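>>> Starting from these lines, generate the structure:
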Amino acid sequence: MNLQSGEIPVILRNLRKEAGYTQGEIAQRLGLSRETVSAIENNKPETMRTLQIEVVKTWWSVCRSKAKAETRASFVEQIVGYFKFITDRI
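Predicted coordinates for the structure are as follows:
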């Protein structure tokens with residue numbers, strides 16, 4: 001899966017921060033390095049091209065209960081928009 005929207009990294013960063021996790025803590029929960037989390041949050045093209053839906057799904061699961069309603073809504077809107085884009089192209 002390829003999530004290249006510039007807004008998704010910002011939303012993932014907001015989810016992490018609102019949930020009270022450092023990059024190192026979320027990395028440990030996701031089974032990633034802190035450097036990979038940093039690359040995702042900074043929208044590094046090579047990292048974003050290979051970002052898997054399972055990582056996004058787990059990030060969401062770990063953080064959503066502590067995130068603000070506005071951030072949760074933005075996340076859902078971006079993910080639904082991404083999948084609509086994909087299905088419209090099929």
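
>>> Would you point out which residue is most central in this protein?
L12 (3.8 Å; CA atoms, centre = their mean).

>>> Quick one, grab the pLDDT at it.
At L12, the model reports a pLDDT of 94.

>>> Find me whatever residue is spatially closest to it, sequence neighbours aside.
W59 (5.7 Å; CB to CB, 6 or more residues apart in numbering). (C-beta placed from N, C-alpha, C; glycine too.)

>>> for that neighbour, what are its contacts?
L12, L15, R16, I26, L30 (CB atoms under 8 Å, 6 or more residues apart in numbering).

>>> picking that back up, after the helix or strand hosting the residue nearest to the centre of the chain comes which helix or strand?
Here L12 sits within helix 7-18, counting by DSSP states H and E. Per DSSP H and E, the first helix or strand lying C-terminal to helix 7-18 is helix 23-30.

>>> Helix 7-18 and that following helix, what's the angle between them?
Angle between the axes of helix 23-30 and helix 7-18 is 100 degrees (criterion: axes from the mean of the first three to the mean of the last three CA atoms, to 10 degrees).

>>> Tell me the buried residues in helix 23-30?
Neighbour counts over helix 23-30 (16 or more other CB atoms under 10 Å) mark Q23, I26, A27, R29, L30 as buried.

>>> List of residues touching it?
16, 19, 21, 33-34, 36-38, 41, 55, 58-59, 62-63.

>>> Of those residues, keep whichever come out buried.
Going by neighbour count (16+ other CB under 10 Å), the contacts of helix 23-30 have R16, A19, Y21, T36, V37, S38, E41, V55, T58, W59, V62, C63 buried.

>>> Contact partners for the first one?
Which is R16. R16 touches Q23, I26, V37, E41, W59, C63, counting by CB under 8 Å, 6+ apart.

>>> how close does it get to Y82?
R16 sits 19 Å away from Y82, taking CB to CB, to the nearest Å as the criterion.

>>> swap in the fifth one?
Counting by CB to CB, the gap between V37 and Y82 amounts to 20 Å.
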